[in-house]
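Participant: I'll drop the sequence and a predicted model, then ask my questions.
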Amino acid sequence: MKLYNSNLSPYASRVRIAIYAKNLPVELVSPPGGTGSAEYKKLNPTGKVPALDVDGAILPESEVINEYLEDRFPTPALRPADPLGRARVRLLGRFADLYLAPALSGIFGQLNPKTRDAKVVAEKLTELGQRLDQLEELVVGPYAAGAQLTLADCALGPVFFFLTRLLPMLGAPSPLQSRPKLAQVGETVGKHPAVSKVLAEMGAAMAERFGGGNR
């Protein structure tokens, strides 16, 4: 198998966590021609990363890829055995994709102080704060969905990477401050070998692109 990957993408990073946690022999490659290129769109019509090449069949979308990997390689399990636990994992993954990541994406264009719009920053930080308060009520601990690493942590870990670095750059407190359950989850997840490896890769990619994240 082959994963079309970008180390800084939170979605590709989600899949790499699952790959490393399961110790799968998946080759990591860059999209031919780059993300969004006509060449890459011949393989993956969305032009986005990640996409998994399974013997010539291309499977896009990070959540779908991780579910496929879990179905095909169920050990070690990244889903709980009970139906309610599995539903909770899916809920947290959906929350990350539908509510948290979109709110986070709105601040990427505000990192440069010279072009920053204070009104937009205030609006986005308010929205993010609301979403994080909601997430505080949804996570279980010590991992996001309970006692073990799951697909929920694969989804949330890379988002936490950006939240903990970008919010202070905009003058906001750490997203884990005053949210004890999120702080516990962030600490526990970050120490898992598969997650720590991916976070290091993301940090190196951010340093290469943005000079350590500063602009």
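Facilitator: Sure thing, it's come through. Numbers count the residues shown, from 1 in each chain.

Participant: centre of the chain versus the helix or strand bottoming out on mean pLDDT in the chain, how much separation?
Facilitator: Here the helix or strand of the chain ranked lowest by mean pLDDT, DSSP states H and E is helix 101-105, holding a mean of 89. Centroid separation between helix 101-105 and its chain, computed with C-alpha atoms, centre = their mean, to the nearest Å, is 11 Å.

Participant: Dump that helix to PDB, keeping only the CA atoms.
Facilitator: The C-alpha trace of helix 101-105 is given here as PDB (Å, rounded to 0.1, in the frame of the first residue of the first chain):
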ATOM      1  CA  ALA A 101     -11.200  21.900  12.000                       C
ATOM      2  CA  PRO A 102     -13.400  24.400  10.100                       C
ATOM      3  CA  ALA A 103     -13.200  26.900  13.000                       C
ATOM      4  CA  LEU A 104      -9.500  26.400  13.200                       C
ATOM      5  CA  SER A 105      -9.000  26.900   9.400                       C
END
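
Participant: So which elements touch that helix?
Facilitator: Helix 101-105 sits against helix 118-138, helix 151-169, with contacts defined as 3 or more C-beta pairs under 8 Å, 6 or more residues apart in numbering; DSSP states H and E. Just so you know, the C-beta spots here come from the backbone N, C-alpha and C atoms, and that holds for glycine as well.

Participant: tell me the most buried of those helices?
Facilitator: Mean neighbours per residue, mean count of other C-beta atoms under 10 Å, is largest over these for helix 151-169, with a mean of 23.

Participant: Mean confidence (pLDDT) on that helix, please.
Facilitator: Helix 151-169 comes out with an average pLDDT of 94.

Participant: what packs against the following helix or strand past that helix?
Facilitator: Sequence order places helix 180-191 as the next helix or strand after helix 151-169, per DSSP states H and E. Helix 180-191 sits against helix 118-138, helix 151-169, helix 193-210, with contacts defined as 3+ C-beta pairs under 8 Å, 6+ apart.

Participant: As a markdown table, these with distance to N66 would be great.
Facilitator: Formatted as a markdown table, the helices and strands packed on helix 180-191 follow (distance: least, C-beta to C-beta, whole Å):
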| stretch | distance to N66 |
| --- | --- |
| helix 118-138 | 19 |
| helix 151-169 | 5 |
| helix 193-210 | 12 |
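
Participant: quick one, which of those is nearest to R72?
Facilitator: Nearest to R72 among the helices and strands packed on helix 180-191 is helix 151-169 (13.8 Å), distances taken as C-beta to C-beta.
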